[in-house]
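**Q** Below are the sequence and a predicted model; questions follow.
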Amino acid sequence: MKSFGLLFVLISASSAAVTRWSDCPDLTGIPNFQLARYLGVWYEYANVFEVFQAWSTCGRVQYSDRGVKVGVVNEQINYITQNYGNVTGAARPAAPGDPENKADFIVAFDNIPFQDSESDEGGVPNYRVVATDYDNFAVVYNCKSGYIYNSESLWVLTREQFPDQQLVDDTYSLMENLTLPVKSLEKTPQEDCQKMPPL
């Protein structure tokens, strides 16, 4: 179960492959986040390489309402074995009661060492929605500070499995303006996804 194919696994990641020698950008999740509009199905259009996503294709994530938490199901097809895999977990606010209601979350997955998907505690976010229009695209980012260098994670999610190219171009321009590691993004294959369960 190669499993960690997408987003909210995403950044539980100390294995981000993009090295940033300068300081992490001063970015937080967007304020006044409308969680109800963010729920539902997203497709992974692109991401920077993550060890736990090696050989992952057809990335898809489903977010569901769990009250103060968000249920997470990350799905993918393993390119080598062509087997379907998924991982489940939960996202919780990194700063419960935040008056700005920023899109900063802590994502934890079931049965993954050192993660507690049942926890309600706040802390350092590992999943930040830094841009979204809710209906078409979302940009998820994290930058983890280290002693010598920092490491970045970045995902581009779209509502459509095959989004319009203009939307993609506009999203990449937006990320460049935010100084995100756009040149390190790799497009996620979304062809030959017949083994993905129907929605």
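**A** Alright, I've got the coordinates. Predicted model, so just to flag it, every value in this text is computed and none were measured. Numbering: from 1, shown residues only.

**Q** from here on, contacts and neighbour counts on C-alpha atoms
**A** OK.

**Q** Read off the pLDDT value for the closest residue to residue 122 other than its chain neighbours.
**A** Computed as Cα to Cα, 6 or more residues apart in numbering, the closest residue to residue 122 that is not its neighbour in sequence is residue 94, at 4.4 Å. On the pLDDT scale, residue 94 is placed at 96.

**Q** and stretch 96-116, how far apart are its ends?
**A** Distance between the two ends of stretch 96-116: 17 Å, counting by Cα to Cα, to the nearest Å.

**Q** let me redo that: stretch 33-41
**A** Across stretch 33-41, first to last residue, Cα to Cα, it's 17 Å.

**Q** contact partners of it?
**A** The contact list for stretch 33-41 (Cα atoms under 8 Å, 6 or more residues apart in numbering) reads 60, 61, 62, 63, 64, 65, 101, 102, 103, 134, 135, 159.

**Q** Give the rounded mean pLDDT of that stretch.
**A** Average pLDDT, stretch 33-41: 98.

**Q** Same question for that stretch: list its buried residues.
**A** 33, 38, 39, 41 (16 or more other Cα atoms under 10 Å).

**Q** and which of these is nearest residue 108?
**A** residue 39 (17.0 Å; Cα to Cα).

**Q** distance of the closest one from residue 66?
**A** 11 Å.

**Q** and if you look at residue 89?
**A** Taking Cα to Cα, one finds residue 89 at 11 Å from residue 66.

**Q** Please identify which of the two sits among more neighbours.
**A** residue 89 (22 against 12; other Cα atoms under 10 Å).

**Q** Give the other helices and strands that the strand or helix carrying that one contacts.
**A** Assigned by DSSP states H and E, residue 89 belongs to strand 84-93. With contacts taken as 3 or more Cα pairs under 8 Å, 6 or more residues apart in numbering; DSSP states H and E, strand 84-93 sits against strand 69-78, strand 104-109.
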